[in-house]
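> After the sequence you'll find the predicted model.
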Amino acid sequence: MSINSQSTVAANLQVGPTDQGMVRIYLEAEGIDLPLDFDPDEATEIAEELLAAAEAARQIGTKASKPKKPRR
C-alpha cells in the first residue's frame, strides 16, 4: 500500500503530551494499539509536514474542481 492508495481501515488518532515531556501520537485500529512518542522538536517538524500536505491537498482540490476551458 502506498500513501496514495485508499484504505477501508478505520482508526482512531489521539495526540497529546506525555508526563515525560514527549508528544504522543496514539493510533488505535482493529488489533492495533500504536503509541508513537516524539520529542517536541520532532513533533513540530511533523506538524509542519502536516500543514504543508494539507495546503498541497487544498491546491490539488482547487485545480480538480475548476472547470476546464474548452480548446479552440
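Sure, I can see it.

> any idea which residue sits dead centre in the chain?
residue 50 (5.5 Å; Cα atoms, centre = their mean).

> That one - that's part of a strand, no?
No: under DSSP: H, G, I helix; E, B strand; the rest coil, residue 50 falls outside any strand and is assigned helix.

> can you map out the helices along this protein?
40-65 (DSSP state H).

> Just give me how far the worst-scoring helix or strand of the chain on mean pLDDT sits from the chain centre.
Lowest by mean pLDDT, DSSP states H and E among the helices and strands of the chain is helix 40-65, with a mean of 93. Mean-position distance between helix 40-65 and its chain equals 8 Å (Cα atoms, centre = their mean, to the nearest Å).

> Check stretch 2-20 too.
On Cα atoms, centre = their mean, the centre of stretch 2-20 falls 8 Å from that of its chain.

> For residue 11, give me its contacts.
27-29, 32 (Cβ atoms under 8 Å, 6 or more residues apart in numbering). Where you see a C-beta, it was placed from the backbone N, CA and C, and this is true even at glycine.

> in stretch 16-35, what counts as buried?
Neighbour counts over stretch 16-35 (16 or more other Cβ atoms under 10 Å) mark 22-23 as buried.
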